[in-house]
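Undergrad: I'd like to go over a predicted model; first the sequence, then the structure.
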Amino acid sequence: MPTAQRFRGPVLPDGEPRDLYVVDGRITYEPQAGAETAAQGWIVPGLVDAHCHLGLDDFGATDDEATEQQALADRDGGALLIRDAGSAADTRWIHDRDDLPRLIRCGRHIAATRRYIRGYAHEVEPEDLATYAAQEARNGDGWIKLVGDWISRDEGDLAPSFPADAFAAAIAAAHAEGAKVTAHCFGHGVLPGLIEAGIDCIEHGTGLTEDLVDAMVEHGTRLVPTVMQLDKFPEHAAAGRERFPDYAATMTDLYDRMPSTLMAAYEAGVPIYAGSDGGGISRHGNIAGEVEALVRIGMPAHDALGAASWRAREWLGVDGLEEGASADFVVYDRDPVADLSVLRTPSAIVLRGVAVSRGR
Ligand SMILES: [Zn+2]
């Protein structure tokens, strides 16, 4: 007989006090004779980082050792499910590691030629976009990532990476392979075509307007704003001000309106999920920071935590804490909804039924 472990306390999202048992890596609420109490506290379904990059640093792909450290940092921050929003490294080996977070890969970013961070993306011409979309759909775990817009040095401002018809063909090609599509979108111009073409998710979304929010609700489009990343807009504006004043003005304007833009989407009912944008220029292991950032712009704490836990798991098709589910959860010694700061000091992290974490 395997030894059962008991976890006792309010189980989120409803906060009902329960005894949760882990047997053979799975959750049961059936009382188990002889179970030892492993931890008590608030029990939260494994956190989800819906926009993270494993295998990337400032210069492109990292080696497996560095990637492993990134994944461990994310895990020790409570993120037990990661949607990787594009990586230059082949990280599918992570699927074979029971001690690393569950991973849903988008394959490699697809960007316009010389219109993205060097070393990150497949950089392609408009006529090749659909071919690459289909290829990354086959390489990824059911998602692909497009770079929707970026600075155009010719125009001196943010501009769509591709014409709308090329995006539409790419979205159709990925859908035909059974994959969903998301895109990096800072500005406004790229959004109408993507949403109309049936894109599944928008990353960042600072260029949204009221009518586009309505279109997202109508189409069921999701939003992962990565508020911590958006907080860097003033730096981008400052860096570009001399050579690209229009770009600097656009980024400043998007940043000033960012909280109201995102909250308009939230109020209208666009499902919003938490993404730390760890990797590249942000550090790993900070999904807690994004939950706090969502609350800062106005989301209620329970919804912001759900955006990084149960709601995101449901969206991505991964079980929560139901009977028989894999035991993936985090325990906190205070109520995280009442005090989000406790997200930085989990008292237990259980992944596939095993207590993990290197200590912090
Ligand atoms: Zn990103």
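TA: Right, received. Where do you want to start? Numbers count the residues shown, from 1 in each chain.
Undergrad: show me where the stretch 251-360 of the chain has strands.
TA: Assigned strands in the stretch 251-360 of the chain, in chain order: 329-332, 348-351, 354-356 (criterion: DSSP state E, counting those that start in this stretch).
Undergrad: so what secondary structure elements neighbour the second one?
TA: Counting contacts by 3 or more C-beta pairs under 8 Å, 6 or more residues apart in numbering; DSSP states H and E, strand 348-351 packs against helix 64-76, strand 329-332, strand 354-356. For the C-beta atoms, the positions are set from N, CA and C on the backbone; glycine is no exception.
Undergrad: out of those, which one sits most buried?
TA: A comparison of the helices and strands packed on strand 348-351 by mean neighbour count, using mean count of other C-beta atoms under 10 Å, puts strand 329-332 on top with a mean of 25.
Undergrad: show the average pLDDT along stretch 129-136.
TA: Averaged across stretch 129-136, the pLDDT comes to 98.
Undergrad: confirm for me that Ala39 is in contact with Ala348.
TA: Yes: counting by C-beta atoms under 8 Å, Ala39 touches Ala348, with 4.2 Å between them.
Undergrad: does the spatially closest residue to Glu127 that is not a sequence neighbour belong to a helix or a strand, and which?
TA: Nearest residue to Glu127 in three dimensions, chain neighbours excluded: Ala166, at 7.4 Å (C-beta to C-beta, 6 or more residues apart in numbering). Assigned by DSSP states H and E, Ala166 belongs to helix 164-176.
Undergrad: what pairs with the helix or strand just after that helix, parallel or antiparallel?
TA: Taking DSSP H and E as the definition, the helix or strand that follows helix 164-176 towards the C-terminus is strand 180-185. Its sheet considered, strand 180-185 pairs with strand 143-147 (parallel), strand 201-204 (parallel) by DSSP bridges.
Undergrad: now the ones you listed as JSON lines including mean neighbour count, mean pLDDT and distance to Asp90?
TA: As requested, the strands paired with strand 180-185 are arranged in JSON lines below (neighbours: other C-beta atoms under 10 Å; pLDDT from 0 to 100; distance: least, C-beta to C-beta, whole Å):
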{"stretch": "strand 143-147", "mean neighbour count": "28", "mean pLDDT": "98", "distance to Asp90": "15"}
{"stretch": "strand 201-204", "mean neighbour count": "26", "mean pLDDT": "98", "distance to Asp90": "22"}
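Undergrad: cheers, nothing more for now.
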